[in-house]
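Visitor: Have a look at this fold, sequence not included:
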Ligand SMILES: O=c1[nH]cnc2c1ncn2[C@@H]1O[C@H](CO)[C@@H](O)[C@H]1O
Ligand SMILES: [Zn+2]
């Protein structure tokens, strides 16, 4: 899985405990069950801007080294327990400086947490590798500094860079210098684009900034015409995205909440999958969307009748598009993902062994 926000995936009980530990008193409730529901409902706003307001509470409890280590470790454990074997988890270090940590200390704490979480997952019989994406906030003006931060930590598990936050009014070219810098360093980046704003945002992300992947990218369907007889005409940009195999990090539930899609059945992932775009399935924010990787798959199975072969295709697409070295991607696909799906198929054929 390629698109999961660290500050969008906390366990509700952890938020409550960390809030008590750091004296944060603005939580809407300190009952973990109610808090989980509150996040889901508050994020169900129909607008990206309002959806993003809920992150004030999670970021508030991620301002200390201990808080960051714990949240990162638990993210790795939770993803592994759900069957995820490779996850790229992102967050914006600039949002975690209020407790006096430096940008580098924030990154070091999160990296330590991921390593602890990977080890705990192994102890539980699960296997996961977590790669970190360092995000810069698109409304802010620190992207150059954050890109340099990502580049500095590239040899200890930071696999790339991203920009996130409100899209309308903040085109990716505001951060052109950061992208040019990363290209100069032969580093990788993805850009949230085509979620709350349409084709110009996708075009800029690809053709000006040089993004390796698109976060969401759902609005690419604005450039696709489906005719009454079912045939399809692709515009130039839609054709480019498909021809160049640009990975689309699709997050169905998140898109329903922010209004980027109106139902699972009508989510552009159905059309884009049929047209064999490089589609991947992701959670975006497990807390705000009350979801998990397996739940996102379950929604798609229900809406589109996908089977294990389709799940495997999405998973292989994700590994092909990961910011991991090529040999590791290949080993993940051939030695982990394919045998894993073969095992699921055997269970389907012969019945579960457990
Ligand atoms: O779907 C999204 N679109 C744009 N920005 C997002 C989305 N989900 C989360 N964030 C933003 O990314 C920051 C760093 O993780 C979060 O704090 C949130 O503001
Ligand atoms: Zn996102």
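Guide: The structure has been received and is ready for your questions. Note that this is a predicted model, so its numbers are computed, not measured. Ligands and ions are numbered 1, 2, ... in the order given.
Visitor: Quick one: name the residues of the stretch 51-200 of the chain near ligand 1.
Guide: By Cβ under 6 Å from any ligand atom, the residues of the stretch 51-200 of the chain that approach ligand 1 are 52, 55, 90-92, 95, 135, 164-165, 192, 195. Every C-beta, even on glycine, is put in place using the N, C-alpha and C of the backbone.
Visitor: host element of residue 134?
Guide: For residue 134, the host element (DSSP states H and E) is strand 129-137.
Visitor: low pLDDT regions in the protein?
Guide: Applying pLDDT under 70 to the chain picks out residues 353-354.
Visitor: do that again at 80, thanks
Guide: 352-354 (pLDDT under 80).
Visitor: quick one, strands of it?
Guide: Applying DSSP state E to the chain gives strands spanning 4-5, 86-91, 129-137, 158-164, 189-193, 213-216, 224-226, 232-234, 248-250, 279-281.
Visitor: looking at the protein, which residue ends up farthest from its center?
Guide: residue 229 (35.1 Å; Cα atoms, centre = their mean).
Visitor: quick one on the thing from earlier: could you export the residues of the stretch 51-200 of the chain next to ligand 1 as CSV, including neighbour count?
Guide: Formatted as CSV, those follow (neighbours: other Cβ atoms under 10 Å):
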residue, neighbour count
52, 21
55, 23
90, 23
91, 30
92, 25
95, 20
135, 28
164, 24
165, 18
192, 29
195, 26
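Visitor: tell me the contacts of whichever residue of the stretch 51-200 of the chain sits closest to ligand 1?
Guide: The nearest approach of the stretch 51-200 of the chain to ligand 1 comes at residue 164, 3.4 Å away (Cβ to the nearest ligand atom). Under the criterion of Cβ atoms under 8 Å, 6 or more residues apart in numbering, the contact list for residue 164 reads 5, 90, 92, 135-138, 192, 215.
Visitor: Now distance to residue 301 too, for these, in CSV please.
Guide: Below are the contacts of residue 164 laid out as CSV (distance: Cβ to Cβ, whole Å):
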residue, distance to residue 301
5, 24
90, 26
92, 33
135, 30
136, 35
137, 35
138, 33
192, 26
215, 24
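Visitor: List the buried residues for stretch 219-236?
Guide: 219-221, 223-224, 234 (16 or more other Cβ atoms under 10 Å).
Visitor: The longest helix anywhere in the chain packs against which elements?
Guide: Across the chain, the helix with the greatest residue count (assigned by DSSP state H) is helix 103-123. Secondary-structure packing of helix 103-123 (3 or more Cβ pairs under 8 Å, 6 or more residues apart in numbering; DSSP states H and E): helix 65-81, strand 129-137, helix 143-152.
Visitor: got the buried residues for that helix?
Guide: 103, 105-118, 120-121.
Visitor: for stretch 150-159, same thing?
Guide: 150-151, 153-154, 157-159.
Visitor: dump the residue contacts of the residue lying closest to residue 98 once chain neighbours are set aside.
Guide: Distance criterion Cβ to Cβ, 6 or more residues apart in numbering; nearest residue to residue 98, sequence neighbours excluded, is residue 63 at 4.7 Å. By Cβ under 8 Å, 6+ apart, the contact set of residue 63 is 22, 96-99, 101.
Visitor: how does it look with 10 Å?
Guide: Applying Cβ atoms under 10 Å, 6 or more residues apart in numbering, one finds that residue 63 lies in contact with 18, 22, 24, 95-101, 106.
Visitor: Could you identify the pair within these that is furthest apart?
Guide: 24 and 106 (17.5 Å; Cβ to Cβ).
Visitor: which residues sit in contact with residue 345?
Guide: 307-309, 312.
Visitor: Looking at these, which is nearest residue 36?
Guide: Looking across the contacts of residue 345 and measuring by Cβ to Cβ, the closest to residue 36 is residue 308, at 29.8 Å.
Visitor: Surely that closest one touches residue 341?
Guide: Yes: between residue 308 and residue 341 there is a contact under Cβ atoms under 10 Å: 6.0 Å.
Visitor: just the helices in the stretch 151-300 of the chain please.
Guide: 176-184, 199-203, 236-243, 252-258, 269-274, 293-304 (DSSP state H, counting those that start in this stretch).
Visitor: Go through those helices and pick out the most buried.
Guide: helix 252-258 (a mean of 25; mean count of other Cβ atoms under 10 Å).
Visitor: So which elements touch that one?
Guide: helix 32-43, helix 48-53, strand 213-216, helix 269-274, helix 293-304 (3 or more Cβ pairs under 10 Å, 6 or more residues apart in numbering; DSSP states H and E).
Visitor: Look up the closest residue to residue 201, ignoring the ones flanking it.
Guide: Nearest one to residue 201, counting by Cβ to Cβ, 6+ apart, is residue 193 at 4.6 Å.
Visitor: gap between stretch 346-354 and the chain center?
Guide: Distance of stretch 346-354 from the chain centroid (Cα atoms, centre = their mean, to the nearest Å) equals 31 Å.
Visitor: Repeat that for stretch 75-89.
Guide: 12 Å.
Visitor: Quick one: end-to-end distance for stretch 257-267.
Guide: Taking Cα to Cα, to the nearest Å, stretch 257-267 runs 12 Å from one end to the other.
Visitor: Pull out the buried residues from that stretch.
Guide: Those would be 257-261, 264, 267, for stretch 257-267 by 16+ other Cβ under 10 Å.
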